[in-house]
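> Quick one, structure for this:
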Amino acid sequence: MCLVRMRQEGREGKYMCRYIVHSMWEDVEQRSKIMGIDAFHRKESMKAMTETFYAAIFGYDEGILSDDCVLAAALWRNLFNRQCEDPRQLELMVEYVRKQMQFIDALDGEDLLLTGEVKWRPLVEENAQSILKVATPTYNDAGL
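Numbering: from 1, shown residues only. Sure, this is the predicted structure:
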């Protein structure tokens, strides 16, 4: 969500995206060294994690910038690891991402670039109103 928002801030935002991703991979590398993973296995693991990360980012970007069904599919694949028995959980996450994106989109871009601080909304809010679009059936001329 942060990467999607940062890319709206032009060149500085794209730089920040690269910095965030670079910092994440540096952290992963350092933690794997601390865990005692040898260089060969670390390289193989980093390659697999990189592929998974970019596939997930692509899916999330497409979902955030598209409709709820596409976002739900990305969440189901990546967050739920294709295992979600209760569709209400998936719906809750789609709702959360949409509301959080509305919130992040409303933040001042300069402040966001300067501080890097994002306040995360709670997953469940009291008296929350749904912002999800209800799928309406499409009918042909015969009413079918």
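> ok, residue 116 to residue 19 distance?
Distance of residue 116 to residue 19, computed by CB to CB, to the nearest Å: 9 Å. Backbone N, C-alpha and C define where each C-beta goes, glycine included.
> Touching both of these two, which residues are there?
Common contacts of residue 116 and residue 19 (CB atoms under 8 Å, 6 or more residues apart in numbering): none found.
> pLDDT on stretch 9-24, on average?
On average, the pLDDT along stretch 9-24 is 96.
> Could you list the low-pLDDT ranges of this protein?
Applying pLDDT under 70 to the chain flags the ranges 133-144.
> residue boundaries of the strands in it?
Remark: no strands are assigned in the chain by DSSP state E.
> and the longest helix anywhere in it, which residues are buried?
In the chain, with assignment by DSSP state H, the single longest helix is helix 39-65. Counting neighbours by 16 or more other CB atoms under 10 Å, one finds that the buried residues in helix 39-65 are 42, 46, 53, 57, 59, 60, 63, 64.
> Now render the residues you listed as CSV, adding distance to residue 7.
Shown next, in CSV, are those (distance: CB to CB, whole Å):
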residue, distance to residue 7
42, 30
46, 24
53, 16
57, 11
59, 16
60, 12
63, 15
64, 11
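> List just the nearest of those to residue 28.
Closest to residue 28 out of these is residue 46 (7.1 Å), distances taken as CB to CB.
> got a list of what that closest one touches?
Residue 46 sits next to 25, 28, 29, 32 when contact means CB under 8 Å, 6+ apart.
> residues near residue 20, how many?
13 (other CB atoms under 10 Å).
> contacting residues around it?
2, 3, 6.
> Which among the residues you listed count as buried?
Among the contacts of residue 20, the ones that count as buried by 16+ other CB under 10 Å are 3, 6.
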